[in-house]
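[1] give me a 3D structure for the following:
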Amino acid sequence: MSTTEEAPAVAAVGTGIADPAPLGLAAFALTTFLLSAINAGWAKTSTGGDWWGYAIAYGGLGQLLAGMWEFRNRNVFGATAFSTYGGFWIGVGLWLHFIAPTAKNPLALNRDLGWILLAFAIFNLYMLIISTQVNMAVFLVFLTLELTEIFLFLGNFTTKTPALPPDPSNSGLIVVGGYLGVITALVAWYTSAAGVLNGHTGRLVAPVGRPLLSLERAANRA
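    Just a heads-up that it's a prediction; the model follows:
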């Protein structure tokens, strides 16, 4: 996650490895899109579980690997973000496999999701604040994701009819969360594509915007 509009190098300086951020963003975007399409009510003729395997294999493992490589790049923000959301998708997949089938009260599953999403909304809030120091594209990923998580946890807490896979007809809030999730995925895909293109060419081709705030510049002025 480059901190300026300058094109990132193909390999991070001093590490000898390519920037893992585009992979992490692409993995996050695809899995988010699949689940959000269901929440938005677009996938009415599907099983509703097409996102499950990709939650573990791509959104989970792909992001976790990207997070580990970000540690290698000494990028604490990217490492924390990708590792956490990789764990999120793996955790949701494991919850669906081991816990959901044993639930005696189906409505309790929506409450589980509500608590999970609330916890990640709290994490995402401080990452959103910190993302103001990265670039505009990354900031928009975390902003749209924060809104998505807020609507989804409220929808899962307030829905009156249990549903797993998610049934957006149960809650208008979940439908809104689904649409916001699709927007989040599109923003993340753009940011990923920009990272691939800029890194491949070694120059700025797809803009990502400058940081909204810079504590370093503020400290220098002081």
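[2] contacting residues around Tyr58?
    Listed by C-beta atoms under 8 Å, 6 or more residues apart in numbering, the contact set of Tyr58 reads 27, 30-31. Any C-beta I mention is one placed from the backbone N, CA and C, and that applies to glycine too.
[3] one more time with 10 Å
    By C-beta atoms under 10 Å, 6 or more residues apart in numbering, the contact set of Tyr58 is 23, 26-31, 34, 51, 86, 89.
[4] now for the residues you listed, which pair is the farthest apart?
    Taking C-beta to C-beta, the two most distant members of the contacts of Tyr58 are Leu23 and Trp51; they sit 18.4 Å apart.
[5] isn't Gly78 up against Tyr85?
    No: if you go by C-beta atoms under 10 Å, Gly78 and Tyr85 don't touch, sitting 11.0 Å apart.
[6] in the longest helix along the chain, what's buried?
    Using DSSP state H to define each element, the chain has its longest helix at helix 172-201. Going by neighbour count (16 or more other C-beta atoms under 10 Å), the buried part of helix 172-201 is 173-196, 198-199.
[7] would you agree Ala43 falls within a strand?
    No: going by DSSP: H, G, I helix; E, B strand; the rest coil, the assignment for Ala43 is coil, not a strand.
[8] next, work out how far apart it and Asn156 are.
    18 Å (C-beta to C-beta, to the nearest Å).
[9] neighbour-wise, which of the two wins?
    The residue with more neighbours, out of Ala43 and Asn156, is Asn156; 26 against 20, by other C-beta atoms under 10 Å.
[10] so that one touches Ile150, yeah?
    No: using C-beta under 10 Å, Asn156 makes no contact with Ile150, being 11.3 Å away.
[11] ok and the helix or strand containing Thr32 relative to helix 172-201, angle-wise?
    Secondary structure from DSSP states H and E places Thr32 in helix 21-39. With axes from the mean of the first three to the mean of the last three C-alpha atoms, to 10 degrees defining the directions, helix 21-39 sits at 160 degrees from helix 172-201.
[12] just give me how far helix 21-39 sits from the chain centre.
    On the basis of C-alpha atoms, centre = their mean, to the nearest Å, helix 21-39 sits 7 Å off its chain's mean C-alpha point.
[13] I'd like the next helix or strand past it.
    The helix or strand immediately downstream of helix 21-39 is helix 52-54, counting by DSSP H and E.
[14] tell me what the very next helix or strand once past that next one is packed against?
    Later in the chain than helix 52-54, the nearest helix or strand by DSSP H and E is helix 61-72. When contacts are defined as 3 or more C-beta pairs under 10 Å, 6 or more residues apart in numbering; DSSP states H and E, helix 61-72 sits against helix 21-39, helix 76-94.
[15] so which of these is the most surrounded?
    Ranked by mean neighbour count, the helices and strands packed on helix 61-72 are led by helix 21-39 with a mean of 25 (mean count of other C-beta atoms under 10 Å).
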